[in-house]
Each structure stands twice: as structure tokens, then as C-alpha cells.
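Colleague: Predicted model follows, preceded by the sequence.
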Amino acid sequence: MMRHWIGVALAAIAGIEATGAAAQDSAPPTQPAAGVATTASQTEYDGWKVYHSYCDRCHGQDALGSTFAPNLRQSVAANGMTESAFASAVGNGVPDKGMPAFKEMVTEAQLGQLYAYVKARSAGSLGPGRPKRSS
């Protein structure tokens, strides 16, 4: 009986049910600030998908940065990285800062989509959380 409860507790900590099935994320979605759009252009939405496939584990869910990776919203702010500099950093990596190269994993089109997403987050035109696709 004690072993069962230890398994349940460990499963809860790991975010899975005792049966081994993935648990539903019960946390409420991040709410955007008042007046900030939750609808993204198709390019921004596709960039969000690329971001969440490759970038969020280091740069945070909403491009806010972490203890070891910069806030990308600041990196592409008005006087920040251009799209070509951003694409070069993502594609070639920044080895001296621990950033791997992604040129074998993402296309040039995806780099543009990724930049569009981060730029929209930086400009404040796209709020945090999963954006909705524009129709």
C-alpha cells in the first residue's frame, strides 16, 4: 500500500497520472495584458510553433529569457538585432554563450517566422501564451 502512494506522489510530481498517461495541464493559460492582441498573423503563429519546438526550453515560454539564456524580446527590440543577425545567431549558434546551431533543423522560412513571432512579442503587439491564428 505504501509503495502505491509513493508511486502516486512521484507521478504527481512528474506531472503524469499513476497509470502512466500524460496528465492534462491544469494550470490556467497565461492571460495577455489588457489591450494586447492574442491573435497572430499566420507567419507569427508559425513562428510560435517553431519557437516552442526549439527555443522555449532555454529562452522561456514567452521569450522572456532564463537564468542562462537572454530575453529574446530585448534582443530584437527597436534598436536590437536585425532579422539577418537574428537568423545568423539562430542558424550558426553562439558557441561562446552556449547556444547551439539550428541550421540543420530549421529552414530559412522558419527563421523568418521565428523572427516575426519574437518581434511581435517584443513590440507588444502579441501577448503572452499560445496565440490564436488569424483567419
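Modeller: Perfect, I can see it now. Nothing here was measured: the structure is a model prediction, and the numbers come from that model.
Colleague: Let's verify residue 130: helix, strand, or coil?
Modeller: Three states are possible here, and by DSSP: H, G, I helix; E, B strand; the rest coil the one that applies to residue 130 is coil.
Colleague: any idea how far residue 94 is from it?
Modeller: When Cβ to Cβ, to the nearest Å is applied, the distance between residue 130 and residue 94 equals 27 Å. Placement of C-beta: from N, CA and C, glycine included.
Colleague: Now do the helices in the chain.
Modeller: Counting by DSSP state H, residue ranges of the helices within the chain are 2-14, 42-54, 56-59, 72-75, 83-92, 108-123.
Colleague: what angle do the last one and helix 42-54 make?
Modeller: This points to helix 108-123. Helix 108-123 and helix 42-54 meet at an angle of 100 degrees, taking axes from the mean of the first three to the mean of the last three Cα atoms, to 10 degrees as the criterion.
Colleague: For helix 108-123, the averaged confidence score.
Modeller: Taken as a whole, helix 108-123 has a mean pLDDT of 95.
Colleague: List the buried residues of it.
Modeller: Taking 16 or more other Cβ atoms under 10 Å as the neighbour-count basis, helix 108-123 is seen to contain the buried residues 110-122.
Colleague: ok, which pair from those is furthest apart?
Modeller: 110 and 122 (18.3 Å; Cβ to Cβ).
Colleague: just to revisit the earlier point, for residue 134, which of the helices of the chain is the nearest?
Modeller: Closest to residue 134 of those, according to Cβ to Cβ: helix 42-54, at 6.5 Å.
Colleague: Having no further points to raise, I will conclude here.
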